Every structure is written in structure tokens, then in C-alpha cells.
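1. here's my sequence, what's the structure:
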Amino acid sequence: MEKVNLVEKFGAFAEHWRPKIIGELNGQEVKLVKFQGVFPWHHHEREDELFLVWRGRMRVEFRDRVVEVNEGEFLIVPHGVEHRTAAGEEAEVVLFEPASTRNTGSAPPSDFTAPEGARI
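-> Numbering: from 1, shown residues only. All right, here's what the predicted structure looks like:
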């Protein structure tokens, strides 16, 4: 049982779209990721995702609307809902999701697909 300093952890990496695991609980992983640009459209068959903006702002685009998520806010995307994430300027985001969640979900593997188990 050790506390985690988010400022230090976010300072430990620079790449975008590559989630880093910082904790686990009850089959869920707590991950940090930096967003900048636009991520591919995808959905997750069984996993819900929670996006908590630590710094900056991001948006989650759905086929019928866009949700802006600002610093200190979060959004839960239910499983099965097609979406993509985006940020005009770099955003630091905390993710809560099942350990089985692949970041690109239903999309074919690509340069955006993060390696599994990356920890900091």
C-alpha cells in the first residue's frame, strides 16, 4: 500500500495514446494516458471506460454528438458504444477500466494500439 503521485507519474512519460498502468483493484486497472490529436473510432464489446481529465481538456466524439470533458470532470462510456477521443492540446487523463481492455477496442491493431501491461 503506497500512495501514487499523479504529477510525478505523468512526468515519467511523454508519448501520446500509450496508457501506463499505475494501479489495480478488483479486476480494474488505473491507467494514465496523454491525449493529443484524434484517436480512431472504436467500441469495446464488454468493457465500460471512465475518462477522468487530470489536466487540460479532451472530447469524446460519438456518431451523434460530442462531449467536451474539462479538467476535473469525467465521462463514462458504456460498452458497445462507438466513440473516439480527441484533444487539440495535450490532455492528461486517468482511465479506470477492466484489465482486459485493449485501448483500440474493436478497431484493427494499428500504431495506436498500446502494448499490454506497460507500467510506470
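2. just the strands in this structure please.
-> Counting by DSSP state E, the chain has strands at residues 20-25, 28-38, 49-55, 57-61, 66-70, 74-77, 84-98.
3. in JSON lines, list those along with mean pLDDT.
-> As requested, those are exported to JSON lines (pLDDT from 0 to 100):
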{"stretch": "strand 20-25", "mean pLDDT": "94"}
{"stretch": "strand 28-38", "mean pLDDT": "95"}
{"stretch": "strand 49-55", "mean pLDDT": "96"}
{"stretch": "strand 57-61", "mean pLDDT": "98"}
{"stretch": "strand 66-70", "mean pLDDT": "98"}
{"stretch": "strand 74-77", "mean pLDDT": "97"}
{"stretch": "strand 84-98", "mean pLDDT": "95"}
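4. I'd like those as TSV, with distance to residue 12 and mean neighbour count appended.
-> For every residue, glycine as well, the C-beta is placed using N, CA and C. Shown next, in TSV, are the strands of the chain (distance: least, C-beta to C-beta, whole Å; neighbours: other C-beta atoms under 10 Å):
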stretch	distance to residue 12	mean neighbour count
strand 20-25	8	15
strand 28-38	9	19
strand 49-55	14	18
strand 57-61	20	19
strand 66-70	23	13
strand 74-77	22	16
strand 84-98	12	18
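5. in a markdown table, list those strands along with distance to residue 5.
-> A markdown table is the format used below for those (distance: least, C-beta to C-beta, whole Å):
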| stretch | distance to residue 5 |
| --- | --- |
| strand 20-25 | 10 |
| strand 28-38 | 11 |
| strand 49-55 | 12 |
| strand 57-61 | 22 |
| strand 66-70 | 22 |
| strand 74-77 | 20 |
| strand 84-98 | 13 |
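6. and of these, who's closest to residue 13?
-> Minimum separation from residue 13 across these (C-beta to C-beta) falls at strand 20-25, 5.9 Å.
7. residues in contact with the closest one: which ones?
-> For strand 20-25, the external contacting residues (C-beta atoms under 8 Å, 6 or more residues apart in numbering) are 4, 9, 12-13, 29-33, 99, 117-120.
8. I'm done for today, thanks for sticking with me.
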